[in-house]
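sequence plus predicted model, see below.
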Amino acid sequence: MELYKKTAAFLLLLMTFSLSAQQYDDARYGVVLKQLQLNSSEVHNELYTEKKMSNTENSYIIVVPVLLGKLEDDGFTVKNTILITDDQGKIKNKYIEDTEIISDAVMLDGFSIDTGLYKLNSSIRAFGITANYHGSSNPNPYSSSDISLYYPEDKTLKKVLDGYNLRRYGGEWDMKCSGEFDEDNSVIIVDQVKTNGFNNLKIKTESNHIISKKVNGECTEEKTSKISYKTLKFNKSVYK
């Protein structure tokens, strides 16, 4: 059945992401934590993520998820410190998020760093950090991904897009075949039109509505799709 194939593929994606998110340089990790005056027990180490910057030599982007309270089996809360360091781990830029991230019924899977071509104007190139989530209910599957954009400014970072939803999947089914699902997948396109000196961000979204049901003993799907566009403009502080 197509639905089972999708479920299996989604679980494989989660497993792959979880494994890849744990890969980081131990020596650089130690140098970073020493500068932040943190012990490893104060960090959610499975969510600690780093990636080499593609447009800047000797630079790494690092997400340090600092635990607020204990890491429990049924949930946890983190507050991210976002860094740019050199190859050795010496901090060049540091930004502490204002928002806490709570992982409970909707679980935080991890973070991915996007060093894509977010050229906001002739002198500023941003990078993205995406938080990935999934729900714990099998009859009501749910997953989502939210992206934030940052760029270096002096010794800190400027956050210009805050938790914009790029992907959402959810629905309800009988665990056999019958059900309805909605899926939205968005991409960010950097426009050449500017507002307040920054290129507009055009959001292209593909929305799918899926109905799964049995026909002549076989599980079949009916899918309707549409494409929509939205433009985010810089309001001298953030994109809205």
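Yep, it's here. Numbers count the residues shown, from 1 in each chain.

CA only for contacts and neighbour counts going forward, please
Fine.

residues in contact with residue 105?
The contact partners of residue 105, taken as Cα atoms under 8 Å, 6 or more residues apart in numbering, are 75, 135-136.

swap the cut-off to 10 Å and go again
By Cα atoms under 10 Å, 6 or more residues apart in numbering, the contact list for residue 105 reads 74-75, 134-137.

same check on residue 200?
Taking Cα under 10 Å, 6+ apart as the contact definition, residue 200 lies against 120-121, 189-194, 231-234, 239-240.

show me which of these are buried.
Neighbour-count burial (16 or more other Cα atoms under 10 Å) is assigned, among the contacts of residue 200, to 120, 190-191, 232-234, 239.

between the residues you listed, which is nearest residue 224?
Of all the buried ones among the contacts of residue 200, the one with the least separation from residue 224 (Cα to Cα) is residue 232, at 26.2 Å.

my read: residue 208 touches residue 221, true?
No - using Cα atoms under 10 Å as the test, residue 208 is too far from residue 221 to be in contact (11.7 Å).

quick one, strands of the protein?
Along the chain, the stretches classed as strands by DSSP state E are 49-52, 60-67, 76-85, 91-96, 101-103, 106-119, 125-135, 142-153, 156-173, 179-195, 198-215, 218-232.

turn these into a markdown table, including distance to residue 41 and mean pLDDT.
What follows is the strands of the chain, written out as a markdown table (distance: least, Cα to Cα, whole Å; pLDDT from 0 to 100):
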| stretch | distance to residue 41 | mean pLDDT |
| --- | --- | --- |
| strand 49-52 | 16 | 98 |
| strand 60-67 | 8 | 99 |
| strand 76-85 | 13 | 99 |
| strand 91-96 | 19 | 99 |
| strand 101-103 | 18 | 98 |
| strand 106-119 | 18 | 96 |
| strand 125-135 | 21 | 98 |
| strand 142-153 | 26 | 98 |
| strand 156-173 | 25 | 98 |
| strand 179-195 | 36 | 98 |
| strand 198-215 | 39 | 98 |
| strand 218-232 | 39 | 98 |
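
quick check: phi and psi at residue 55.
Residue 55 adopts backbone torsions of phi -110, psi 0, taken as degrees, to the nearest 10.

what's the neighbour count on it?
Residue neighbour count, defined by other Cα atoms under 10 Å, stands at 11 for residue 55.
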